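A.B. asks: model this:
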Amino acid sequence: MEKSCSLLIHFDKATPAMANEIKQALESNDVEAKIDAMKKAILMILNGESVPHLFITIIRYVLTSEDHVIQKLLLLYLETLDKTDSTGRMLPAMILVIQNLRNNLQHSNEYIRGVCLRFLCRVTEPELMEPLVPSIIGNLDHRHSFVRRNAVLALMSIYSLPYGEQLLDHAPELIHQLLVSELDASVKRNAFLMLFNCAQFKAVDYLFNNIDRVSDWDGQMQMIVLELIRKVCRTNRNEKGKYIQIIISLLNSPLTAVIYECANALMSLSSAPTAIRAAANTYCQLLLSQSDNNVKLIVLDRLNELKSLHREVMVEMIMDVLRALSSPSLDIRRKTIDIVLDLITPKNVDEVVLMLKKEVMKTQSVEIEKNGEYRQMLVQGIHSCAIKFPEVASTVVLLLMDFLGDSNVASAIDVIVFVREITETNPKLRVSIITRLLDTFYQIRAARVCSCALWILGEYCFSIPEVGSGIETIRQCIGDIPFFRASEDGEAPNVLKGSQQVSSITVSSRRPAILADGTYATQSAAIETTMSPRTLIQGSPGFVGNLRSLILSGDFFLGAVVACTLTKLILRLEDVHEFKPEVNKLSTEALLIMVSMLQLGQSSYFPHPIDNDSYDRIVLCIRLLCNSTNEIRKIWLQSCRESFVKMLADKQLREIEEIKANAQISHAQPDDLIDFYHLKGRKGMSQLELEDEVQDDLKRATGEFTKDGKDANKLNRILQLTGFSDPVYAEAFVTVHHYDIVLDVTIINRTKLTLQNLCLELATMGDLKLVEHPQNYTLAPRSS
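C.D. replies: Next up is the predicted model:
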């Protein structure tokens, strides 16, 4: 594979073809046998097997065949064949091939002519092409468009050869005349492509002579026009204003590929607000009109790039971008939300939050696969909006709290973390948040969500009704205590016996009810449930409180959190409640709950013993309720919340520093020229051209045209090959392009001697092959 290859076919080496068998089949008169033999010969050459004696046989018996399949296989054979000898001179037998190709170029069948012309596009030997040039030019006037378009490609291939301009010095004029008179779209496309590659100035002249008809051209020809505009504007930026008008006219093309490339061209060539706004509108239209998810992801990447360069324009398009949330793909929704969150301003935050709320409600009403993950993304997005703009928190926090009992634990955790942060940052919402949290606490089924909710209750229940409701809610979710009872005769607890003894317990439940006017009210009910004692220990959310079921499943860390919350509530109640007997009663109930959890965890019959950390934490709470000092009260009731406030401040500070680090700061040199807007001549310039010139001036003034980021990135691709103390130091600059790896090696002679025939040996591993071996050098002392 060290040679260039335009044809690659699978070859089964397990059944190799014999050269003698191929030769006999080629000499026979059987057409099918010749076709099979030609295929085998091509496969052998493609896989590196040299069969030079077959060439004469093919010249004698295959070259004169009239069968179209054999003629096409002959061209494939000639394409894979090495047409020169070891000295680089063309083989003498190729003269017969040239004559056959000339006959094919003058054949009465247009298929033979077209296939031969396509073959000549892949021939690189000037000695072979020179005799065929007149015949190729003659095919430009053929009646069939298939022949004409392939003749144009053949001329372009010859003109692109190292000595092509000498063989076809008048080719651009011929193609320009053909382009003016041609009616077939495919031929015009190929002719314009040749002018684009070989005579760019003629392509530009033709473009401006037919500027009014560009929108009616074939889609592929319009793509070439866009590529021509990019190429011209890179070399001459002063003339890009008139080209941008052409790009904007092509935005009305019915082909989505052309529209997408137009938007890309506008984005890369112009900074004018009108052009950028047109590109953004085009991307948004493609985002909504295309059904392919891959296309949508590509368009979102372009919008993300546009956001970083022209944020003020993208802010206007934020609602159009949000419409992409209608796609069922999570990747598309995630990218859309990420883009939108960076474009939020005080003017559009209400609309964005309203849209996100509607999407959250859709996930609640419609059961779709991966609904939980989508809801989690929406919750995180609303959280981000509420942190940046606290005034919108009141419109979403109560709605999101309905999802605290979500089956998707990650989504529920995001909700409770959001609620915790809003409770601290929005004091006006604390009362309503605490009330809703108490009403929905029984719905929570995840231990981590329960822990965070309990922390909120312990820190932000300030008034006597809130503290009392918090203690009552925890007590109802814990259920009856103790968690198990031991028999009077000293045997094992009844709860762990294998008997089928049935007991009856009463579980009180407290849940919100929806009234006729749509408001919430608290409804309490006592339910008598019949169950076996062993079932009670294992716990089931269907008939016991959520805290009880989680603790009975062995989660004693949650039990420690319950103990800490009860301790904070009792301590705060002692500070605000004047009726001490009521406080002492609630304190005794809290102590009973803590002792019951310790008893459950230390029971030898319970399969999940309590861990040491949780045990120490609960014991600490018991001691604190029995005997507390003012210093301890301050730690428990103030220091914890102060630490949380500090954590939020640090988080906000890190976000601000990250934003500053990502901000693009352009520096201008003091001697750079600045063009002033009011001194710029406007004669003969459209509004779009004027805007583009002004934006270029601003970029030039701020130094955006003179960034050296690419040069800095090059240093990251330098690979050290030897040590710094070695006599010969070598390092390589690595460039990877598709499947090619190019090494630009620098070698320095660090000795005082002249090194002759210095050779660099490179060893490859795996499927890599060395295409070009480095040559030997002679290095003078201290030179490279």
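A.B. asks: Mean confidence (pLDDT) on the one helix or strand Leu356 maps to, please.
C.D. replies: Following DSSP states H and E, one finds Leu356 within helix 349-365. For helix 349-365, mean pLDDT rounds to 83.
A.B. asks: And for stretch 764-784?
C.D. replies: 79.
A.B. asks: Please point out which parts of it sit buried.
C.D. replies: For stretch 764-784, the buried set under the neighbour-count rule, 16 or more other Cβ atoms under 10 Å, comprises Leu779. Backbone N, C-alpha and C define where each C-beta goes, glycine included.
A.B. asks: likewise stretch 194-214?
C.D. replies: Buried, per 16+ other Cβ under 10 Å, within stretch 194-214: Met194, Leu195, Phe196, Asn197, Cys198, Ala199, Lys202, Ala203, Val204, Tyr206, Leu207, Val214.
A.B. asks: Would you mind identifying the next helix or strand past the helix holding Leu356?
C.D. replies: helix 371-388.
A.B. asks: Quickly find the element holding Tyr729.
C.D. replies: strand 728-737.
A.B. asks: just the CA coordinates of that strand, formatted as PDB?
C.D. replies: Extracted C-alpha coordinates of strand 728-737, given in PDB (Å, rounded to 0.1, in the frame of the first residue of the first chain):
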ATOM      1  CA  VAL A 728      22.500  13.600  19.000                       C
ATOM      2  CA  TYR A 729      19.300  15.200  20.100                       C
ATOM      3  CA  ALA A 730      16.100  14.500  18.100                       C
ATOM      4  CA  GLU A 731      12.500  15.600  18.400                       C
ATOM      5  CA  ALA A 732       9.500  15.200  16.100                       C
ATOM      6  CA  PHE A 733       6.600  17.400  15.300                       C
ATOM      7  CA  VAL A 734       3.600  15.100  14.800                       C
ATOM      8  CA  THR A 735       0.800  15.800  12.300                       C
ATOM      9  CA  VAL A 736      -2.100  13.400  11.900                       C
ATOM     10  CA  HIS A 737      -4.400  13.800   8.900                       C
END
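A.B. asks: Pairing partners for it, with directions?
C.D. replies: Applying DSSP bridges to the sheet, strand 728-737 is found paired with strand 718-720 (antiparallel), strand 740-749 (antiparallel).
A.B. asks: show me where pLDDT drops low in the stretch 601-750 of the chain?
C.D. replies: The model of the stretch 601-750 of the chain has pLDDT under 70 over residues 662-715, 737-739.
A.B. asks: Check the offset of whichever strand or helix holds Leu306 from the chain's centre.
C.D. replies: Counting by DSSP H and E, the element that carries Leu306 is helix 293-309. Taking Cα atoms, centre = their mean, to the nearest Å, the mean C-alpha location of helix 293-309 is offset from the chain mean by 9 Å.
A.B. asks: Tell me the helices and strands packed up against the helix or strand encompassing Leu648.
C.D. replies: Using DSSP H and E, Leu648 sits within helix 640-662. Secondary-structure packing of helix 640-662 (3 or more Cβ pairs under 8 Å, 6 or more residues apart in numbering; DSSP states H and E): helix 409-425, helix 447-460.
A.B. asks: I'd like the next helix or strand past the lowest-mean-pLDDT helix or strand in the chain.
C.D. replies: Here the helix or strand of the chain ranked lowest by mean pLDDT, DSSP states H and E is helix 533-538, holding a mean of 39. Sequence-wise, the next helix or strand downstream of helix 533-538 (DSSP H and E) is helix 546-552.
A.B. asks: And the contacts of the helix holding Leu356?
C.D. replies: Helix 349-365 is touched from outside by 318-319, 322, 325, 340, 344, 371, 374-375, 378-379, 381-382, 385-386, 388-389, 392, 395-396, 399-400, 402-403, with contacts defined as Cβ atoms under 8 Å, 6 or more residues apart in numbering.
A.B. asks: Mind giving me the ChimeraX command for buried ones among the residues you listed?
C.D. replies: This is the ChimeraX syntax for the buried subset of the contacts of helix 349-365, where burial follows 16+ other Cβ under 10 Å:
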select :318,322,325,340,344,371,374,375,378,379,381,382,385,386,389,392,396,400,403
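A.B. asks: which parts of the strand holding Tyr729 are buried?
C.D. replies: Buried residues in strand 728-737 (16+ other Cβ under 10 Å): Val728, Tyr729, Ala730, Ala732.
A.B. asks: List just the nearest of those residues to Val417.
C.D. replies: Ala732 (49.2 Å; Cβ to Cβ).
A.B. asks: Verify the stated contact: the closest one with Thr722.
C.D. replies: No - with contacts defined as Cβ atoms under 8 Å, Ala732 does not count as touching Thr722, sitting 10.5 Å away.
A.B. asks: CA atoms only: put stretch 72-79 into CSV for me.
C.D. replies: Presented in CSV, the C-alpha positions along stretch 72-79 are these (Å, rounded to 0.1, in the frame of the first residue of the first chain):
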residue,chain,number,x,y,z
LYS,A,72,-14.3,-2.1,-18.4
LEU,A,73,-12.3,-4.9,-16.7
LEU,A,74,-9.4,-4.0,-19.1
LEU,A,75,-9.5,-0.4,-17.9
LEU,A,76,-9.5,-1.6,-14.3
TYR,A,77,-6.5,-3.8,-15.1
LEU,A,78,-4.6,-1.0,-16.7
GLU,A,79,-5.4,1.2,-13.7
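A.B. asks: chain center to that stretch, what's the gap?
C.D. replies: On Cα atoms, centre = their mean, the centre of stretch 72-79 falls 44 Å from the chain's centre.
A.B. asks: how about stretch 556-570 as CSV, C-alpha atoms only?
C.D. replies: Extracted C-alpha coordinates of stretch 556-570, given in CSV (Å, rounded to 0.1, in the frame of the first residue of the first chain):
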residue,chain,number,x,y,z
PHE,A,556,-28.9,3.6,60.3
PHE,A,557,-27.2,6.6,58.7
LEU,A,558,-30.7,7.9,58.0
GLY,A,559,-31.5,7.1,61.6
ALA,A,560,-28.7,9.3,62.7
VAL,A,561,-30.0,12.1,60.5
VAL,A,562,-33.4,11.7,62.1
ALA,A,563,-31.8,12.0,65.6
CYS,A,564,-29.9,15.1,64.6
THR,A,565,-33.1,16.7,63.1
LEU,A,566,-35.1,15.9,66.2
THR,A,567,-32.4,17.4,68.4
LYS,A,568,-32.3,20.6,66.4
LEU,A,569,-36.0,21.0,66.5
ILE,A,570,-36.2,20.3,70.3
